[in-house]
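Enquirer: okay, predicted coordinates and the sequence, questions at the end:
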Amino acid sequence: MTWGLQNRLSRIIRPTDHRTVMLAVDHGYFLGPTHKLEVPRKTIEPLLPYADGLMITRGVVRTSIDPTFPTPIVLRVSGGASVLKEDLSHEEVTTSMDEAVRLNASAVALSIFVGAPHEHESLVNLGGLVDIGEEIGMPVLAVTAVGKELEKRDARYLSLACRIAAEFGAHFVKTYYCEDFEKVVESCPVPLVVAGGPKLETELDALELAQRSIEAGAAGVDMGRNIWQAPNAVGMIRAVRAVVHEHASAKEALEFVKAPKAKR
Ligand code: R5P
């Protein structure tokens with residue numbers, strides 16, 4: 001790993017504890033104005049001080065994030081299918097590495113669709129992106145996307161998808177939590193961050209997901225809807241931070257959600 005690449009990655013996965021709380025707000029690239037992310041700036045701004053990294057598209061960076069804000073950017077650079085299509089796997093690289101550098105991104109993110117109709121293209125895209133990333137010192141985050149097939153989220157499938165991502169050279173991988181998640185972690189030689197997925201019934205459910213992910217060996221979370229669709233979104237991201245960075249249990253962290261102004 002070159003110095004620049006390592007330096008960029010360490011802005012996201014903190015070298016002090018090798019963990020991260022990334023905030024995912026890139027949903028609009030295929031979902032359009034997702035519930036509670038209709039006006040991106042309004043949702044994102046209060047949460048930024050608590051995020052170690054912001055997963056986002058170039059359009060929302062330009063229009064909705066103050067360039068003086070120091071939160072590292074993980075730039076979503078793949079896309080090409082909307083939720084209106086049955087097959088979400090038909091993606092290409094839609095944002096160049098030059099653009100990522102201009103936006104001072106700390107990493108770029110691309111989805112792979114293992115087992116889906118466009119598996120091949122998505123994996124070849126990953127390989128190509130890693131080649132350019134290595135050349136210029138930009139870490140690549142591979143996202144093991146399942147499209148609409150949420151039931152694919154089991155240890156057998158996710159181990160396969162994460163391992164393939166790592167074999168193609170991804171510097172870190174974003175995936176889903178599942179039962180026996182430690183098996184997914186064990187067979188993936190690069191750090192894993194866990195997506196929250198669709199909003200769970202309670203905040204405690206989402207915090208437990210974060211806690212179990214960390215206990216199983218994840219480097220952190222890249223969570224979206226379970227943070228910004230929560231009634232107290234700032235309290236929720238602070239609670240997630242407590243679980244990821246401060247060894248709090250999900251139940252202990254819940255105090256942030258209940259008492260948003262409580263100091264710690
Ligand atoms: C999906 O591919 C998007 O890239 C999101 O970043 C991802 O799903 C994480 O957000 P959430 O926690 O809402 O699932």
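Expert: Right, received. Where do you want to start? All of these numbers come straight from a predicted model, not from anything done at the bench.
Enquirer: could you use CA atoms for every contact and neighbour count after this?
Expert: Fine.
Enquirer: what residues does the chain have near the ligand?
Expert: 24, 26, 27, 195, 196, 197, 198, 222, 223, 224, 225 (Cα under 6 Å from any ligand atom).
Enquirer: in strands only, show me these.
Expert: 24, 195, 222, 223 (DSSP state E).
Enquirer: what sits against the last one?
Expert: Okay, so that is residue 223. 21, 22, 23, 24, 194, 195, 196, 197 (Cα atoms under 8 Å, 6 or more residues apart in numbering).
Enquirer: now flag whichever of those residues is closest to residue 5.
Expert: Checking the contacts of residue 223 against residue 5 by Cα to Cα gives residue 22 as the nearest, at 18.0 Å.
Enquirer: tell me the secondary structure for the closest one?
Expert: Three-state call for residue 22 (DSSP: H, G, I helix; E, B strand; the rest coil): strand.
Enquirer: what residues are bridge-paired with it?
Expert: Under DSSP bridges, the beta-bridge partners of residue 22 are residue 53, residue 222.
Enquirer: tally of neighbours for it?
Expert: Counted with other Cα atoms under 10 Å, residues neighbouring residue 22 total 29.
Enquirer: is it correct that it is in contact with residue 222?
Expert: Yes - between residue 22 and residue 222 a contact is recorded at 4.3 Å, counting by Cα atoms under 8 Å.
Enquirer: one step back: least confident of the contacts of residue 223?
Expert: By pLDDT, residue 197 ranks lowest within the contacts of residue 223, coming in at 91.
Enquirer: what does the pLDDT read for the nearest residue to it once chain neighbours are set aside?
Expert: The shortest distance from residue 197 to any non-neighbouring residue, by Cα to Cα, 6 or more residues apart in numbering, is to residue 225 (7.0 Å). Residue 225 is assigned 97 on the pLDDT scale.
Enquirer: then residue 146?
Expert: Looking at residue 146, the pLDDT reads 84.
Enquirer: ok, now which ones touch it?
Expert: Contacts of residue 146 by Cα under 8 Å, 6+ apart are 113, 114, 152, 153.
Enquirer: mind checking which of those residues land in helices?
Expert: Counting by DSSP state H, no part of the contacts of residue 146 is found in helices.
Enquirer: out of those, which end up buried?
Expert: The neighbour-count test (16 or more other Cα atoms under 10 Å) marks 113, 114, 152, 153 as buried among the contacts of residue 146.
Enquirer: before I go, just wanted to say thanks for your time.
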